[in-house]
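K.L.:
predicted model and sequence below, questions to follow.
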Amino acid sequence: MAAKNNTVMDKLISLSKRRGFIFQSSEIYGGINSCYDYGPLGIELKKNIKELWWKSMIYERDDVEGLDASILMHPKVWEASGHVEGFTDPMVDCRECKSRFRADQIDTSKPCPVCGNRDTFTEARQFNLMFKTFMGPVEEDASIVFLRPETAQGIYVNFHNVREASRRKLPFGIAQIGKAFRNEITPGNFTFRTREFEQMEMQYFVRPEEDETWFEYWKEARMNWYKRLGLQDNKLRFHEHGPNDLAHYAKKAYDIEYEFPFGWQEIEGIHNRTDFDLSRHMEYSGKDLRYFDDQTKERFVPYIIETSAGCDRILLTCLIDAYDEEEDRVVLRLAPAIAPFKVAVFPLVKRDGMPELAKKITDDLRGDYRVFYDESGSIGRRYRRQDEAGTPFCVTIDGETLENNTVTIRERDSMEQIRMEISKIRPFLAEKLK
Ligand code: ATP
């Protein structure tokens with residue numbers, strides 16, 4: 001891996017635009033800070049990441065149910081959760097250049113990092129990160145609602161609904177993928193910290209005495225998922241929250257961190273949230289959310305083990321981890337399971353019936369695989385385009401194909417080419433993309 005240096009982010013941002021992974025939102029109007037749009041390749045990559053997560057959370061197990069709660073919720077939810085009072089970051093302004101910073105991320109005894117002046121910072125003020133809007137036509141305090149800052153609360157308030165509808169007994173989990181909004185003071189590092197993002201959260205409800213066992217279980221399970229995603233082992237680590245940075249609701253918390261070009265940073269949090277959330281919702285809603293064990297006849301508030309990941313941040317991690325430069329090519333070594341296109345098909349030249357045969361092969365594969373057909377430019381350029389898009393396999397139809405029904409399959413990472421019969425393409429891909 002030769003390319004991991006300080007400019008890797010700039011190169012990735014430009015590749016993302018060039019190939020259609022990620023665009024600046026509202027670009028023709030000059031863009032809007034910290035909002036991004038996923039292009040044709042980006043949306044495929046994102047969908048694949050979400051599918052892998054959903055599959056590992058729901059289809060491969062028998063103890064987690066899915067949910068899709070609405071973004072706007074009753075305002076009392078955010079009082080109960082502690083967000084109205086406590087979802088704040090300390091903020092300071094530079095009086096000289098008006099730049100704004102998170103007080104916990106800079107040293108205010110040093111000069112302002114933007115204008116270089118000393119002693120120009122205001123006192124730190126607490127700033128609530130929730131976006132407010134109004135429900136209905138009247139803009140008054142009584143109609144204020146919030147854009148959810150996390151998907152978790154939608155799961156807690158539906159604990160009883162899901163448990164009853166699916167006839168679940170403890171332990172079981174509820175998983176959800178959805179948008180969350182935070183009015184971050186300092187968004188940045190491309191899509192690493194944005195104000196609108198997608199979360200993939202799973203809340204696992206357990207007996208209080210089993211919390212530690214399940215916490216350890218989920219911690220390991222989630223780390224293994226990132227390895228399955230193809231991320232390099234040596235770029236992943238756990239970070240345990242010390243007593244000073246534990247959230248108010250957490251008994252224990254670990255972050256899974258990745259080594260970005262800008263340092264080790266969180267990609268997912270695993271938290272033991274105890275009975276905090278359900279107890280608070282019981283208190284604020286007046287509804288009994290306890291679990292009744294029909295064997296022991298006990299009634300109690302379950303503990304919650306949370307796994308909370310950011311989909312956009314994981315997508316960025318996958319791009320960074322996969323980005324590589326060789327002497328004469330840029331290659332995205334994405335795991336085949338998440339690559340936007342699984343295979344590209346090329347006729348070597350635009351004559352002698354090669355395009356027709358290549359199109360037929362493309363059509364045969366379409367439906368099972370996202371296939372890309374390309375007949376423009378030299379074959380070398382076509383391979384390079386697919387390398388940048390992360391396409392793991394390219395099939396080329398050449399003169400020999402017309403004689404003996406064989407094609408070449410080129411593998412992205414090794415650039416090795418093997419010859420095989422047309423009828424073998426499908427089983428080959430099935431095996432490699434498993
Ligand atoms: P930080 O301390 O960096 O603000 P956090 O600890 O508040 O993050 P969590 O509330 O644990 O983050 O959120 C869970 C996950 O959601 C994070 O690990 C991250 O992947 C994602 N996430 C959180 N905030 C953002 C954001 N502003 N932009 C993109 N992803 C985010």
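P.N.:
Sure, I can see it.
K.L.:
ok, and the closest non-adjacent residue to the residue nearest the centre of the chain?
P.N.:
In the chain, the C-alpha nearest the mean C-alpha coordinate belongs to Cys311, at 1.4 Å (C-alpha atoms, centre = their mean). Beyond its immediate neighbours in the sequence, the residue positioned closest to Cys311 (C-beta to C-beta, 6 or more residues apart in numbering) is Glu198, lying 4.1 Å away. In this view, the C-beta of every residue, glycine as well, is placed from N, C-alpha and C.
K.L.:
and what about the one you found, helix, strand or coil?
P.N.:
For Glu198, the reduced secondary structure class is strand; criterion used: DSSP: H, G, I helix; E, B strand; the rest coil.
K.L.:
which of the helices or strands spans Glu220?
P.N.:
With the criterion set as DSSP states H and E, the secondary-structure element containing Glu220 is helix 211-228.
K.L.:
go through that helix and flag the buried ones.
P.N.:
Neighbour-count burial for helix 211-228 flags 211, 214-215, 218-219, 222-223, 225-226 (criterion: 16 or more other C-beta atoms under 10 Å).
K.L.:
check contacts around whichever residue of the stretch 301-434 of the chain sits closest to the ligand.
P.N.:
Among the residues of the stretch 301-434 of the chain, Gly310 lies closest to the ligand, at 2.4 Å counting by C-beta to the nearest ligand atom. With contacts defined as C-beta atoms under 8 Å, 6 or more residues apart in numbering, the neighbours of Gly310 are 197-200, 267-268.
K.L.:
now those residues in JSON lines, with neighbour count, pLDDT and distance to the ligand?
P.N.:
Supplementary listing: those in JSON lines, determined by neighbours: other C-beta atoms under 10 Å; pLDDT from 0 to 100; distance: C-beta to the nearest ligand atom, whole Å:
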{"residue": "Phe197", "neighbour count": "21", "pLDDT": "98", "distance to the ligand": "4"}
{"residue": "Glu198", "neighbour count": "20", "pLDDT": "98", "distance to the ligand": "8"}
{"residue": "Gln199", "neighbour count": "21", "pLDDT": "98", "distance to the ligand": "5"}
{"residue": "Met200", "neighbour count": "22", "pLDDT": "98", "distance to the ligand": "9"}
{"residue": "Ile267", "neighbour count": "20", "pLDDT": "98", "distance to the ligand": "5"}
{"residue": "Glu268", "neighbour count": "22", "pLDDT": "98", "distance to the ligand": "5"}
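K.L.:
so for Phe428, what's the pLDDT?
P.N.:
Looking at Phe428, its pLDDT is 95.
K.L.:
what helix or strand is it on?
P.N.:
For Phe428, the enclosing helix or strand under DSSP H and E is helix 425-432.
K.L.:
which helix or strand lies directly C-terminal to the helix holding Glu220?
P.N.:
Stepping forward along the backbone from helix 211-228, the first helix or strand reached (DSSP H and E) is strand 236-240.
K.L.:
strands paired with that next one, and their directions?
P.N.:
Sheet pairing for strand 236-240, assigned by DSSP bridges, gives strand 252-260 (antiparallel).
K.L.:
the strand it pairs with near the ligand at all?
P.N.:
No. Using C-beta under 6 Å from any ligand atom as the criterion, no contacts between strand 252-260 and the ligand are found, and the smallest distance is 6.8 Å.
K.L.:
any idea how far Gln199 is from the residue of the stretch 1-150 of the chain found nearest the ligand?
P.N.:
For the stretch 1-150 of the chain, the nearest residue to the ligand under the criterion C-beta to the nearest ligand atom is Glu150, separated by 6.0 Å. For Glu150, the distance to Gln199 (C-beta to C-beta, to the nearest Å) stands at 6 Å.
K.L.:
which neighbours do those two share?
P.N.:
Between them, Glu150 and Gln199 have 180, 308 as joint contacts when contacts are counted by C-beta under 8 Å, 6+ apart.
K.L.:
mind listing the strands for the stretch 1-150 of the chain?
P.N.:
With DSSP state E, counting those that start in this stretch, the ranges of strands along the stretch 1-150 of the chain come out as 22-24, 36-38, 64-66, 88-93, 100-102, 125-128, 131-134, 144-147.
K.L.:
most tightly packed of those?
P.N.:
When the strands of the stretch 1-150 of the chain are scored by mean count of other C-beta atoms under 10 Å, the highest mean neighbour count falls to strand 22-24 (a mean of 20).
K.L.:
contacting residues around that one?
P.N.:
Where contact means C-beta under 8 Å, 6+ apart, the residues beyond strand 22-24 that reach it are 13, 16-17, 31-32, 35-39, 42, 190-191.
K.L.:
what about these, which are in helices?
P.N.:
With helices identified by DSSP state H, the entries of those that belong to them are 13, 16-17, 42.
K.L.:
which of those residues count as buried?
P.N.:
Buried subset of the ones in helices among the contacts of strand 22-24 (neighbour count, 16+ other C-beta under 10 Å): 13, 16, 42.
K.L.:
I'd like the residues you listed as JSON lines, with distance to the ligand and pLDDT appended.
P.N.:
JSON lines is the format used below for those (distance: C-beta to the nearest ligand atom, whole Å; pLDDT from 0 to 100):
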{"residue": "Ile13", "distance to the ligand": "16", "pLDDT": "96"}
{"residue": "Ser16", "distance to the ligand": "16", "pLDDT": "97"}
{"residue": "Gly42", "distance to the ligand": "15", "pLDDT": "98"}
